[in-house]
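Asker: Just need the structure, nothing else, for what follows:
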Amino acid sequence: MTPRQTFRALLKATGLTLMPGAYDALSARIIEEQGFAAMGAGGYAAAGSLLGQPDTGQSNMRDFADHYARICEAVTIPVYVDGDTGFGGVHNVAQMVKAFEKAGAAALFFTDQVFPSRCGYLPGKQVIPVEQMLAKIKAALDARSDESMMICARTDVFALEGKEAAIRRCQLFMEAGADMAKPQGVDAPEAILEVMRSVPGPFIATLSQAAASNKTTPAELEGLGVPAATLPSLTLFAAARAVRESLAILQGSRSLASLQDRLLPLDDYYKIVRLDAQQAREKAWDESAAELAAGATNETGV
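Answerer: Predicted coordinates for the structure are as follows:
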């Protein structure tokens, strides 16, 4: 199966698929190495890793497409990516879908926030009229060339107008043809169950470090029958803490010896970046070229 087909199958399978978020190609490789079946790649982690800034809509579509392409190229498992607002109107949405599909995304979501958007856990959000979002969904579906790539429409209206408004928008999104509809901020068990009863299609939960607190655990989500959950910023926060603490030790001790137990062993790093496979390819190419050159010499006598 392709990664896109695998992603669809995971959402139909029994049990909860945990999808940590990758902030770059190296973190994506580590996620795959640790045995996760799928991963996310979001705007929050991209803004932090690429710009060292909060997620308030300052990156453009091409930045994201390039970022996601590097992540998708690094792994074989499905990558579920963040399409922000579609980066503008309906034509921007169509361009985004084409670019993210070319980048290798297994699935994408985009939100009904006004452009530019901000992290769904930050204050100051606004949403566009539902008719505009429905038009964007139609544009996204028309732009998709591989129907196995899932398109999720997210609404951020829950924080502004409440659960019923969020459910109604999700229902309309599904009627418009979206493969999934996500009510951002609905994360309490009772509310999740109501959404799953009211909105057709799979429900993907979010467990984010950007939230004030996560109201459910992975075990509780699995008990509710949720098929998947993203952890979009977990690796970003883990890496940032590890780097900061290691540098603080170096600054205080002025000694590399005090850091050795905090660093990834060299062999483990080379395993993650697949040095052996790269060297094997290089050797094979060199040997093939040498054989070709030797054959040409024998034929010409030169």
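
Asker: all contacts plus neighbour counts: C-alpha atoms, from now on.
Answerer: Will do.

Asker: residue ranges of the helices in the stretch 151-300 of the chain, please?
Answerer: For the stretch 151-300 of the chain, the helices defined by DSSP state H, counting those that start in this stretch occupy 158-161, 163-175, 189-198, 218-224, 234-253, 266-273, 275-300.

Asker: closest one to Lys136 among the ones you listed?
Answerer: Among these, the nearest to Lys136 by CA to CA is helix 163-175 (10.0 Å).

Asker: Same question for the closest one: list its buried residues.
Answerer: Using 16 or more other CA atoms under 10 Å as the test for burial, helix 163-175 gives 163, 165-174.

Asker: quick revisit: nearest to Gly48, out of the helices of the stretch 151-300 of the chain?
Answerer: Gly48 lies closest to helix 234-253 among the helices of the stretch 151-300 of the chain, at 7.9 Å (CA to CA).

Asker: Of the helices of the stretch 151-300 of the chain, flag the one that's most buried.
Answerer: Using mean count of other CA atoms under 10 Å, the stretch among the helices of the stretch 151-300 of the chain with the largest mean neighbour count is helix 163-175, at a mean of 20.

Asker: quick revisit: can you list the buried residues of helix 163-175 in a markdown table and add pLDDT and distance to Met149?
Answerer: A markdown table is the format used below for the buried residues of helix 163-175 (pLDDT from 0 to 100; distance: CA to CA, whole Å):
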| residue | pLDDT | distance to Met149 |
| --- | --- | --- |
| Lys163 | 93 | 28 |
| Ala165 | 96 | 27 |
| Ala166 | 96 | 24 |
| Ile167 | 97 | 24 |
| Arg168 | 98 | 24 |
| Arg169 | 98 | 22 |
| Cys170 | 98 | 19 |
| Gln171 | 98 | 20 |
| Leu172 | 98 | 20 |
| Phe173 | 98 | 17 |
| Met174 | 98 | 16 |
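
Asker: hmm, back to that, which one, of the helices of the stretch 151-300 of the chain, ends up nearest to Pro116?
Answerer: Minimum separation from Pro116 across the helices of the stretch 151-300 of the chain (CA to CA) falls at helix 158-161, 17.1 Å.

Asker: residues in contact with the residue nearest the centre of the chain?
Answerer: By CA atoms, centre = their mean, the chain has its centre lying nearest to Ala41, at 2.0 Å. Counting by CA atoms under 8 Å, 6 or more residues apart in numbering, Ala41 makes contact with 21-23, 68, 79-82, 232.

Asker: Could you let me know which of the buried residues of helix 163-175 ends up closest to Ala9?
Answerer: Each of these was checked against Ala9 using CA to CA; the closest is Met174, at 19.1 Å.

Asker: from what I can see Leu18 touches Leu231, true?
Answerer: Yes - with contact defined as CA atoms under 8 Å, Leu18 counts as touching Leu231 (7.4 Å).

Asker: hang on, the earlier thing: as a markdown table, the helices of the stretch 151-300 of the chain with distance to Leu11 would be great.
Answerer: Output for the helices of the stretch 151-300 of the chain, formatted as a markdown table (distance: least, CA to CA, whole Å):
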| stretch | distance to Leu11 |
| --- | --- |
| helix 158-161 | 24 |
| helix 163-175 | 16 |
| helix 189-198 | 13 |
| helix 218-224 | 12 |
| helix 234-253 | 21 |
| helix 266-273 | 27 |
| helix 275-300 | 32 |
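
Asker: Which one, of the ones you listed, ends up nearest to Arg62?
Answerer: Nearest of these to Arg62, taken as CA to CA: helix 234-253 at 21.5 Å.

Asker: Check the closest residue to Ile192 other than its chain neighbours and give its pLDDT.
Answerer: Closest residue in space to Ile192, ignoring its immediate chain neighbours: Val186 at 6.3 Å, by CA to CA, 6 or more residues apart in numbering. We have a pLDDT of 91 for Val186.

Asker: isn't Val186 right next to Leu193, touching?
Answerer: No - with contact defined as CA under 8 Å, Val186 does not reach Leu193; the gap is 9.9 Å.

Asker: For Ser233, give its distance to Leu259.
Answerer: Ser233 is 25 Å from Leu259, where distance means CA to CA, to the nearest Å.

Asker: now Ala22
Answerer: Distance from Ala22 to Leu259, by CA to CA: 25 Å.

Asker: which of the two has more neighbours?
Answerer: The residue with more neighbours, out of Ala22 and Leu259, is Ala22; 28 against 15, by other CA atoms under 10 Å.

Asker: Run through the residues that contact that one.
Answerer: Ala22 is in contact with 28, 31, 39-42, 45, 71, 232-233, 235-236, counting by CA under 8 Å, 6+ apart.

Asker: any low-confidence regions in this structure?
Answerer: 119-121, 299-302 (pLDDT under 70).

Asker: can you map out the strands along it?
Answerer: Assigned strands in the chain, in chain order: 17-20, 39-41, 79-82, 107-111, 150-155, 180-183, 204-206, 228-231 (criterion: DSSP state E).
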